[in-house]
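**Student:** Sequence first, predicted coordinates after that:
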Amino acid sequence: QVQLVESGGGLVQTGGSLRLSCVASTRAFSSYAFGWFRQAPGKEREAVAAISRSGDRPYYSNSVKGRFTISRDNAENMVYLQMDSLKPEDTAVYYCAAPVPYTDYRVWSNYEYWGSGTQVTVSS
């Protein structure tokens, strides 16, 4: 199992940047892929970005492609989401999550482990 804790959320103006961090408590960090999801008030949770165990072939939703970058640091058990050119529609609670090891990290129903979330608010 893995425990996930996010940090780095906050209030930022349109066009600004934030970097979200997620620390994963596990001895088998390299066995896990990871994803970032978000949920805005009144909306369903959506996948924003995901990264494989090897760190290649990242996934981005169309709404964030070209603005957000997901990365991982296997030495530090950390996953990051660099968010640039932020827009008011990016306002949401952002969650770090991990799928069951060795399952397809692009299949959202595989995500079994979740952090408690961090709030991101983008003012216009």
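**Tutor:** Happy to help now that I have it.
**Student:** would you list every one of the strands in the chain?
**Tutor:** Remark: strands assigned in the chain by DSSP state E are 3-7, 10-13, 18-25, 34-39, 46-51, 59-60, 68-73, 78-83, 92-99, 111-114, 118-123.
**Student:** now the ones you listed in JSON lines, with distance to residue 105 and mean neighbour count?
**Tutor:** Just so you know, the C-beta spots here come from the backbone N, C-alpha and C atoms, and that holds for glycine as well. Below are the strands of the chain laid out as JSON lines (distance: least, CB to CB, whole Å; neighbours: other CB atoms under 10 Å):
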{"stretch": "strand 3-7", "distance to residue 105": "14", "mean neighbour count": "16"}
{"stretch": "strand 10-13", "distance to residue 105": "27", "mean neighbour count": "13"}
{"stretch": "strand 18-25", "distance to residue 105": "14", "mean neighbour count": "18"}
{"stretch": "strand 34-39", "distance to residue 105": "7", "mean neighbour count": "24"}
{"stretch": "strand 46-51", "distance to residue 105": "5", "mean neighbour count": "21"}
{"stretch": "strand 59-60", "distance to residue 105": "8", "mean neighbour count": "17"}
{"stretch": "strand 68-73", "distance to residue 105": "11", "mean neighbour count": "18"}
{"stretch": "strand 78-83", "distance to residue 105": "12", "mean neighbour count": "22"}
{"stretch": "strand 92-99", "distance to residue 105": "5", "mean neighbour count": "23"}
{"stretch": "strand 111-114", "distance to residue 105": "8", "mean neighbour count": "17"}
{"stretch": "strand 118-123", "distance to residue 105": "21", "mean neighbour count": "17"}
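**Student:** what residue lies at the spatial centre of this protein?
**Tutor:** The centre of the chain sits closest to residue 36, judged by CA atoms, centre = their mean, with a distance of 2.1 Å.
**Student:** Check that residue and give its pLDDT.
**Tutor:** Listed pLDDT for residue 36 reads 98.
**Student:** Show me what it bridges to in the sheet.
**Tutor:** residue 49, residue 96 (DSSP bridges).
**Student:** likewise residue 60?
**Tutor:** Going by DSSP bridges, residue 60 forms beta bridges with residue 49.
**Student:** just checking, it touches residue 48?
**Tutor:** Yes. Residue 60 lies in contact with residue 48 (CB atoms under 8 Å); the separation is 7.3 Å.
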